[in-house]
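Q: Sequence unavailable; structure follows:
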């Protein structure tokens, strides 16, 4: 680090902000005149690296959004900025200072992660001294690594873009973002001259074998290759502070023009926006803030002009993808699902035999009505295991014990009641106690090799204490993130002590288990970011059973009317406020004038919200269009899907529905029916706007527009079915089942 830099950052706290900015502006305006040929666009940076093919899913370019939070004012505006991005359909990374001018609230980090954002580490103190000397950096690097671990973060950006890329190898990161393609206004102004990510190999020790492995660098030269290293992500769009505070630009024209150039070159459009400097209104802009409209205009421009052409990954997902193509033997091109870790490794050709192994399953639900536990239990039976399953009772007439498809079912006298949170807590406590005694007594005569516990609640895993002490392995199957679900159901703030307690219980429960299963990639990111090492988590998707959900030969297609001439819209599942069934009723009422033959078929158990839904239909004069059929078996649901023209998942946006992936999407696609779904993170992880008919959550008008599109253009709907089915077929249950059994086998030692 140069002496002038050290001197400046030493006296910086003593200088008034206006004086510092005036001096910087004086220098910057002159530098701008001298560097017009290399800023904001440096033509040489647009050259593709040797061997570059394309972005995942043949996308034209990558659009990566990052934010550095410099002070308390920026911290206070994080949620507002994130909500703007969510409304426009984007996600980003927020880089937070661990030991700087503000304390980082844990609930804020959890809120960001649960809504599909990323949290990174921004320097340590953000005082310009990180790279002042090697000894001091070593000390600070240890503290940075601890914060990376505590936050579940994998990315780093240095303060003021000061950097030493060799020293950064001391950080336990997947990527660094402390560089740029060209920026003459930064104190360390040497740019990378690249608009693509690149790999920074850790220097191999002299004389080591790694040093002898030749590898072609991004610039085409041969270099020693060390598989240890990190991905470098340079920002390629000018920083907002440079444009609007330093150079006092009055519009986002420079951003937009360079974005167009980056898209033309097929590069990476990575921007760094500071919430500290954004004016959300209603007051006028100032010397310290610019209008949020500038940033929103950039995002709207990308969405309007490049829809379907850009990939909007989180930095960690882009880094993971790029690191994978730098490793020998891996394919250069991956789908976006593979890039984000959404797709598991190929399932084993033949599931291993587990004959002679015994497993106990604990389920706070009804069996065999709950599909995921039933599929898992029957898969273990098929692998040769003996399965005892303890669950709730469905009705007083249910037998206390019976065998269902080889599974020994034992039922508690408790029934599932959907009431207040205190009733939930009481029921959970009673079931935990009864499950504990079930495992204790059965374990006296039947020694278990494995206990498979399904949430909710998470703490049911502690019922397996005695078998675990006797050597049994424990799997915790997290169907849903309990904090987000309870926050959504009861409209409780994420900072509420009850939600904080649920997050703590989640962490304890995961720590007690040997393996965690979860059904989608967003859940995996969520649990991995706040509760455990991501390597402890495995994905087993909620794919429908193919023998039940499959398109029969001779069934009517999307473009064929029903025999009675109706146009049938269908929804099945839990009828609750967060699932937006009342909004679907509103959409149907809006469509009556243009589609008089429209009908809505609802399937699901009776809930308190059902009366609200039917009451809303009566208010809108649409009671004759809505038919409620009650709860049905999966076989009956499959038959109903066969009779419908379009299925709808009308979820409102909430902290839970934002990260959830409804299995119903696959059920409709498996039956050859189009499905309309909310544009949320959990669904976008698997489907793009080209694969799925997406609507803006909470908007009955937008939902009605999508239903009308299916009615008017059945050929278009069939194309969506075809593309969506391609996604579904990558996650067929027969493959998920083999993965599940292989995970179980990996836990259990051979006898």
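A: Yep, that arrived. Just so you know, these numbers come straight off a predicted model, no measurement behind them. Numbering: from 1, shown residues only.

Q: what mean pLDDT does stretch 651-660 have?
A: Here stretch 651-660 scores 91 as its mean pLDDT.

Q: what's next to it, contact-wise?
A: Applying Cβ atoms under 8 Å, 6 or more residues apart in numbering, the contact partners of stretch 651-660 are 86, 111, 114-116, 480-481, 484-485, 487-489, 494, 520, 522-523, 526, 577-580, 583, 662, 677-678, 680-682, 697-698. Every residue, glycine included, has its C-beta placed from N, CA and C.

Q: Pull out the buried members of those.
A: Buried subset of the contacts of stretch 651-660 (neighbour count, 16 or more other Cβ atoms under 10 Å): 86, 111, 114-116, 480-481, 484-485, 487-489, 494, 520, 522-523, 526, 577-580, 583, 662, 677-678, 680-682, 697.

Q: Take these and keep only those in strands.
A: 677, 678 (DSSP state E).

Q: how near is residue 574 to residue 703?
A: 18 Å (Cβ to Cβ, to the nearest Å).

Q: More neighbours: which of the two?
A: Legend: neighbour count by other Cβ atoms under 10 Å for residue 574 and residue 703, higher for residue 703 (25 against 12).

Q: Is that one within a helix or a strand, and which one?
A: If you go by DSSP states H and E, residue 703 is part of helix 700-712.

Q: what bridges to residue 68?
A: residue 95 (DSSP bridges).

Q: That one contacts residue 92, doesn't it?
A: No: with contact defined as Cβ atoms under 8 Å, residue 68 does not count as touching residue 92 (11.3 Å).

Q: Could you check which of those two has the larger neighbour count?
A: Using other Cβ under 10 Å, the more surrounded residue of residue 68 and residue 92 is residue 68, with 27 against 23.

Q: residues in contact with the top helix by length along the chain?
A: Secondary structure of the chain per DSSP state H: the longest helix is helix 421-445. Contact with helix 421-445 is made by 360, 362, 364, 388, 390, 392, 410, 412, 414, 416-417, 448, 451, 456-457, 459-460, 462-467, 470, 486, 490, 498, as judged by Cβ under 8 Å, 6+ apart.

Q: Filter those residues down to the buried ones.
A: Neighbour-count burial within the contacts of helix 421-445 applies to 360, 362, 364, 388, 390, 392, 410, 412, 448, 451, 456-457, 459-460, 462-464, 466-467, 486; the criterion is 16+ other Cβ under 10 Å.

Q: buried stuff in stretch 614-627?
A: Buried-residue list, stretch 614-627, by 16+ other Cβ under 10 Å: 614, 616, 617, 620, 622, 625, 626.

Q: can you map out the strands along the stretch 601-750 of the chain?
A: 626-628, 646-648, 675-678, 693-695 (DSSP state E, counting those that start in this stretch).

Q: How about the stretch 1-150 of the chain?
A: Using DSSP E, counting those that start in this stretch, strands in the stretch 1-150 of the chain cover 61-68, 93-96, 118-122.

Q: same check, this time on the stretch 301-450 of the chain
A: Assigned by DSSP E, counting those that start in this stretch, the stretch 301-450 of the chain shows strands spanning 310-311, 358-366, 386-392, 401-404, 407-411, 450-454.

Q: out of these, which comes closest to residue 600?
A: Nearest to residue 600, of all those, is strand 358-366, at 26.8 Å by Cβ to Cβ.

Q: what's the most buried one of the strands of the stretch 301-450 of the chain?
A: strand 450-454 (a mean of 26; mean count of other Cβ atoms under 10 Å).

Q: Quick one: distance of that one to the chain centre.
A: 25 Å (Cα atoms, centre = their mean, to the nearest Å).

Q: Please apply the same query to stretch 40-55.
A: Its chain's average C-alpha position is 29 Å from that of stretch 40-55, according to Cα atoms, centre = their mean.

Q: What mean pLDDT does it get?
A: 89.

Q: Please identify the buried residues of that stretch?
A: Of all the residues in stretch 40-55, those buried under the rule 16+ other Cβ under 10 Å are 40, 41, 42, 45, 46, 47, 55.
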